[in-house]
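J.: Sharing a model that was predicted from the sequence below.
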Amino acid sequence: MNTFFGKKAPFMVALLVLLILGPYGDSRVSAIDRSTYKSLKTFSEVLDMVEKNYVEPVETDKLLQGAINGMIKSLDPHSSFMTAEMFKELEMDTRGSFEGIGTEIDIVKGVLTIVSPIEDTPAYNAGVKAGDQIIRIDGKSTKDITIMEAVKKLRGAKGTKVTITIMREGLAKPKDIELTRNIIPVRSIKSKVYDDQIGYIRIVAFQERTGNDLKKALREIDAKAHPLKGIVLDLRNNPGGLLNQSVEVSDAFLKTGIIVSTRGRSKNMESKAVARDDGEEPTCPIVVLVNEGTASAAEIVSGALQDNGRAVILGAQTFGKASVQTVIPLEDGAALKLTTAKYYTPRGRSIQAEGITPDIVVKQIRPPEEKAEEKANAENHVLREKDLKGHIQSPTENNVKADNVKKETDNLEKDNQLKNAIDILKGWDILKKNMKG
């Protein structure tokens, strides 16, 4: 969800001047909470002391940007201040390609961590795995680094090199991995047909054209199948993306019903998306595959199809991110990515820090060659929203990402979750006949 309205980036300076030296006098100040005014006055004093007394000359703009970063960082793991350069990189992400090493990253318990490598990218091909902690980039420590700072360091022109130093469960010491950056084409949709009857659609991420690409994929598998008896929608290791695209994807499978609702502090952040019948929705049964890396927009689709009784959800508990970030461009080209609302499934569920529970729980079974390498990665180490420092808590939390991305393979014996989904769809007609009898 993108909301666009402008603000002057160095707003803090203007605010301080207005409060402390402004022409409105005490009457304007009295309208502001006294403790807030006192804190702003303290900030102004500290800024002045640093500028005058720090051992070396300092740039005021750099200090103010650091203050803004610290303020936003204190909110939750998904809010961030972006420079103009960082904002451009975010826009490239949603359009489907960028230059870099090909990873989804996050700050987990204060450490820069790989959520998942993107398949067929330099990081994936070099053996980088979900859960790897990046402790150095080109020899420099990542301690206290922000997500945006890390993105800036990891991305770069095609052909340039970057060395990441990782720690991983089971490694005796840190490991250096040199990677050559490349163009990372993030294809939103992948599709095929199994056994001439079962359509398979994988959504890697929710980008600008995901909804349109899904409709194209649906038409293609419908033309190839003889006939189309079921669809597997694979949302495993999908980190999310654009909210409006998750609504379009859900709508492509639903004729009626609520898709998702959002609620925030302000009225303009409250919305409800409802499915519309365009006559092209598939009528065959659907199985949705999810796992610990299924997050955000992917969870919206899973929840919408589950709550409306349109699909069977199969796999493992999802990541549990039910917050909406609004990207607010600033006048100087920078932007603020701010958590402004929470989303709820059609039945009013908030899955924040809890995730979507599958209708059929099927843990992924690793092939023997992978089991040996990943033996140390026990289930309690799988990354979820609730593990992120400063995450927004679930309604019940005050009382009380994930698997590696794997290449599609025609060998279903290596993907027990997909095999289970296809077997369910193959036996659907048999079950219906037996139930009628």
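T.: Received it, and whenever you're ready, just let me know what you need.
J.: Could I get the full set of strands for the stretch 101-250 of the chain?
T.: 103-108, 111-117, 133-137, 140-141, 161-167, 175-180, 182-185, 189-194, 198-203, 230-234 (DSSP state E, counting those that start in this stretch).
J.: For the host helix or strand of Met49, what is the distance to the chain centroid?
T.: Assigned by DSSP states H and E, Met49 falls within helix 34-53. From the chain centre to the centre of helix 34-53 is a distance of 36 Å (C-alpha atoms, centre = their mean, to the nearest Å).
J.: before we move on, what about stretch 199-209?
T.: Stretch 199-209 sits 14 Å away from the centroid of its parent chain (C-alpha atoms, centre = their mean).
J.: Low-confidence regions, the protein specifically.
T.: Residue ranges of the chain with pLDDT under 70: 1-32, 93-97, 186, 367-411, 435-437.
J.: Could you pick out the longest strand of it?
T.: For the chain, the strand with the greatest residue count under DSSP state E is strand 335-344.
J.: So Ser261 lies in a strand, does it not?
T.: Yes: the assignment for Ser261, made by DSSP: H, G, I helix; E, B strand; the rest coil, places it in a strand.
J.: Next up, the contacts around the nearest residue to it once chain neighbours are set aside.
T.: Nearest residue to Ser261 in three dimensions, chain neighbours excluded: Lys272, at 4.4 Å (C-beta to C-beta, 6 or more residues apart in numbering). Placement of C-beta: from N, CA and C, glycine included. Counting by C-beta atoms under 8 Å, 6 or more residues apart in numbering, Lys272 touches Ile258, Val260, Ser261, Thr262.
J.: host element of Lys272?
T.: Lys272 is part of strand 271-274 when elements are defined by DSSP H and E.
J.: Now the element after that strand, going C-ward?
T.: Counting by DSSP H and E, the next helix or strand C-terminal to strand 271-274 is strand 286-290.
J.: Tell me which other helices or strands whichever helix or strand comes after that next one touches.
T.: Counting by DSSP H and E, the element after strand 286-290 in chain order, helix or strand, is helix 297-307. Here helix 297-307 touches helix 243-253, strand 258-264, strand 286-290, strand 312-315, going by 3 or more C-beta pairs under 8 Å, 6 or more residues apart in numbering; DSSP states H and E.
J.: The last one: partners in the sheet, and parallel or antiparallel?
T.: In the sheet, strand 312-315 lines up against strand 286-290 (parallel), strand 360-361 (parallel) (DSSP bridges).
J.: For the helix or strand just after that strand, enumerate the helices and strands it packs against.
T.: Once the chain leaves strand 312-315, the next helix or strand it forms, by DSSP H and E, is strand 323-329. Contact here means 3+ C-beta pairs under 8 Å, 6+ apart; on that basis strand 323-329 packs against helix 84-95, strand 335-344.
J.: Around the closest residue to Ala150 other than its chain neighbours, how many other residues sit close by?
T.: Leaving aside its chain neighbours, Ala150 sits nearest to Leu112 (5.4 Å; criterion: C-beta to C-beta, 6+ apart). A total of 27 residues lie near Leu112 under the criterion other C-beta atoms under 10 Å.
J.: Just to check, Gln325 is in contact with Leu336?
T.: No: taking contacts as C-beta atoms under 8 Å, Gln325 lies outside contact range of Leu336: 9.7 Å.
J.: Comparing these two, which residue is more hemmed in?
T.: Higher neighbour count among Gln325 and Leu336: Gln325, with 22 against 19, using other C-beta under 10 Å.
J.: so how far is Gly427 from the more buried one?
T.: Gln325 sits 41 Å away from Gly427, going by C-beta to C-beta, to the nearest Å.
J.: is it true that Val232 touches Gln197?
T.: No: counting by C-beta under 8 Å, Gln197 is not a contact partner of Val232; they are 11.5 Å apart.
J.: higher neighbour count, the two?
T.: Neighbour count, other C-beta under 10 Å: between Val232 and Gln197, Val232 has more, with 24 against 17.
J.: which residues sit in contact with that one?
T.: 194, 198-201, 286-289, 418, 421-422, 425.
J.: could I get stretch 239-248 in CSV with only the CA atoms?
T.: Taking Å, rounded to 0.1, in the frame of the first residue of the first chain, the C-alpha atoms of stretch 239-248 are listed here in CSV:
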residue,chain,number,x,y,z
PRO,A,239,8.2,-12.5,1.6
GLY,A,240,5.3,-10.3,0.5
GLY,A,241,5.3,-7.0,-1.3
LEU,A,242,2.5,-4.7,-2.5
LEU,A,243,-0.8,-4.9,-0.7
ASN,A,244,-2.9,-4.0,-3.8
GLN,A,245,-1.4,-6.9,-5.7
SER,A,246,-2.3,-9.3,-2.9
VAL,A,247,-5.8,-8.1,-3.2
GLU,A,248,-5.8,-8.6,-7.0
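J.: Pull out the buried residues from that stretch.
T.: Buried residues in stretch 239-248, counting neighbours by 16 or more other C-beta atoms under 10 Å, are found at Pro239, Gly240, Gly241, Leu242, Leu243, Asn244, Gln245, Ser246, Val247, Glu248.
J.: Also stretch 329-349?
T.: For stretch 329-349, burial by neighbour count (16+ other C-beta under 10 Å) applies to 329-330, 334-346, 349.
J.: gap between the two ends of it?
T.: One end of stretch 329-349 to the other measures 31 Å (C-alpha to C-alpha, to the nearest Å).
J.: Can you give the distance of that stretch from its chain's centre?
T.: With C-alpha atoms, centre = their mean, you get 12 Å for stretch 329-349.
J.: before we move on, what about stretch 326-342?
T.: On the basis of C-alpha atoms, centre = their mean, stretch 326-342 sits 16 Å off its chain's mean C-alpha point.
J.: One more: stretch 260-280?
T.: With C-alpha atoms, centre = their mean as the basis, stretch 260-280 stands 20 Å off its chain's centre.
J.: can you start the count at 2 instead of 1 from here on
T.: Noted, 2 is the first residue going forward, which turns the last one into stretch 261-281.
J.: Tell me the buried residues in stretch 355-366?
T.: Glu355, Gly356, Ile357, Pro359, Val363, Gln365.
J.: ok, the last one - contacts?
T.: Looking back up the chat, that one is Gln365. Asn292, Gly316, Ala317, Asp404, Asp416, Asn417, Gln418.
J.: Among those residues, pick out the one closest to Ala253, please.
T.: Closest approach to Ala253 among the contacts of Gln365 (C-beta to C-beta): Gly316, at 20.6 Å.
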